[in-house]
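> no sequence on this one, just coordinates:
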């Protein structure tokens, strides 16, 4: 039996992944920010998976202090942690800042998982074999360099026209440029991969593997926190082209439980559980190191 922590585990592919893992008789710990929803989903998964070993912890993972508090709770309450799935993420069309002063997309999608993972490394290292799984997105291919990309990923006309963007090392929080939610979301999904590769390299020689994935364009409530045309357009796209929740949870479940990837680390997987190349910019080691160093400084500035 494995102990598995899943952030954003009360909805969408996080919830489906939690169910898949609980169904295999593992101990699952969900993390969400709404207590009522956490309670309802926990009871639902217990009933449908016929597994009573499902718990929850309520935290707002856009806050660094809550990520640190979550890690402390897990370390103090559970003797081991075998699998960490950083699934939480969101797209915010309007620019907003957390009460700790960080741009919200950056805080929730990158800085939170970066903080939580590093805080839990000591506990993960106590196992013979542990896994860290970061849910990224093919949206990271929207971030290009030198005005074009040689990557083989086939971007749609909509992606090319409206979502092509760049990553400025001096402006990870998009403070100096006009804010566009789709652009910042794509940047943070690239950050998930940069973080994955940098951490995998750091953990070489240990029993911890780190991988990331694209879940696919899933028919979930992702993006529905926004209003207006974008929400309507997204819902229409999901009704026409999106894959099911079960399909969207395939890769996260595969990376968590499959023996095929027991010794695989520092890789990117698509929605079909296949290992594929990520964008060329995601393999930029100087960018990986720069993001890591600045992220470390950010989280050090926030008290637990």
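Sure thing, it's come through. Fair warning: this is a prediction, and the values are worked out from it, not measured in the lab. Numbers count the residues shown, from 1 in each chain.

> Can you pull the phi and psi angles for residue 211?
Per-residue torsions, residue 211: phi -140, psi 160 (degrees, to the nearest 10).

> got any ranges where the stretch 101-250 of the chain has weak pLDDT?
In the predicted model of the stretch 101-250 of the chain, residues 146-162, 217-243 satisfy pLDDT under 70.

> which residues in it form helices?
104-106, 112-124, 157-162, 181-202, 229-241, 245-248, 250-257 (DSSP state H, counting those that start in this stretch).

> wait, what's in contact with residue 258?
Applying C-beta atoms under 8 Å, 6 or more residues apart in numbering to residue 258 gives the contacts residue 273. Heads up, the C-betas are built off the backbone N, CA and C, glycines and all.

> ok, now residue 47?
So residue 47 contacts nothing (C-beta under 8 Å, 6+ apart).

> Only the buried residues of whatever helix or strand it lives in, if you could.
In this assignment (DSSP states H and E), residue 47 forms part of helix 35-49. Residues 37, 38, 41, 42, 45, 46, 49 are the ones in helix 35-49 that count as buried (16 or more other C-beta atoms under 10 Å).

> Please apply the same query to stretch 168-185.
Buried, per 16+ other C-beta under 10 Å, within stretch 168-185: 172, 173, 174, 179, 181, 182, 183, 184, 185.

> so what's the fifth one closest to, chain neighbours aside?
Counting by C-beta to C-beta, 6 or more residues apart in numbering, residue 181 lies nearest to residue 93, which is 3.8 Å off, once chain neighbours are set aside.

> The third one too?
Of all residues not flanking residue 174 in the chain, residue 184 sits nearest, at 5.1 Å (C-beta to C-beta, 6+ apart).

> Does that neighbour touch residue 107 like I think?
No: with contact defined as C-beta atoms under 8 Å, residue 184 does not count as touching residue 107 (11.0 Å).

> among the helices of the stretch 101-250 of the chain, which is nearest residue 68?
Closest of the helices of the stretch 101-250 of the chain to residue 68 is helix 112-124, at 5.9 Å (criterion: C-beta to C-beta).

> who's in contact with the closest one?
5, 7, 61-64, 67-68, 70-72, 74-75, 78, 80-82, 84, 86, 88, 130, 132, 134, 192, 195, 199, 208, 295, 299.

> cutoff 6 Å now
For helix 112-124, the surrounding residues in contact (C-beta atoms under 6 Å, 6 or more residues apart in numbering) are 61, 64, 67-68, 71, 75, 81, 84, 86, 130, 195, 208, 295, 299.

> swap in stretch 180-198?
By C-beta under 6 Å, 6+ apart, stretch 180-198 touches 91-93, 105-106, 109-110, 114, 134, 136-137, 139-140, 142-143, 163, 165, 167, 174, 210, 212, 266, 278, 282, 288, 291-292.

> got the contact list for the residue nearest to residue 190 when sequence neighbours are not counted?
In space, and not counting its chain neighbours, residue 190 is closest to residue 140: 4.0 Å by C-beta to C-beta, 6+ apart. Residue 140 makes contact with 189, 190, 193, 279, according to C-beta under 6 Å, 6+ apart.

> ok so, going back, so which of the buried residues of stretch 168-185 is the closest to residue 26?
residue 185 (30.5 Å).

> Distance check, the closest one against residue 179.
11 Å (C-beta to C-beta, to the nearest Å).

> before we move on, the earlier item: now render the buried residues of stretch 168-185 as CSV, adding distance to residue 33.
Below are the buried residues of stretch 168-185 laid out as CSV (distance: C-beta to C-beta, whole Å):
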residue, distance to residue 33
172, 23
173, 21
174, 23
179, 23
181, 20
182, 23
183, 25
184, 20
185, 19
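
> State the phi and psi torsions of residue 67.
Residue torsions, per degrees, to the nearest 10, at residue 67 are phi -70, psi -40.

> what residues are up against it?
Each residue near residue 67 by C-beta under 6 Å, 6+ apart is listed here: 61, 112, 115, 116.

> ok but residue 296 is inside a strand, no?
No: assigned with DSSP: H, G, I helix; E, B strand; the rest coil, residue 296 falls outside any strand and is helix.
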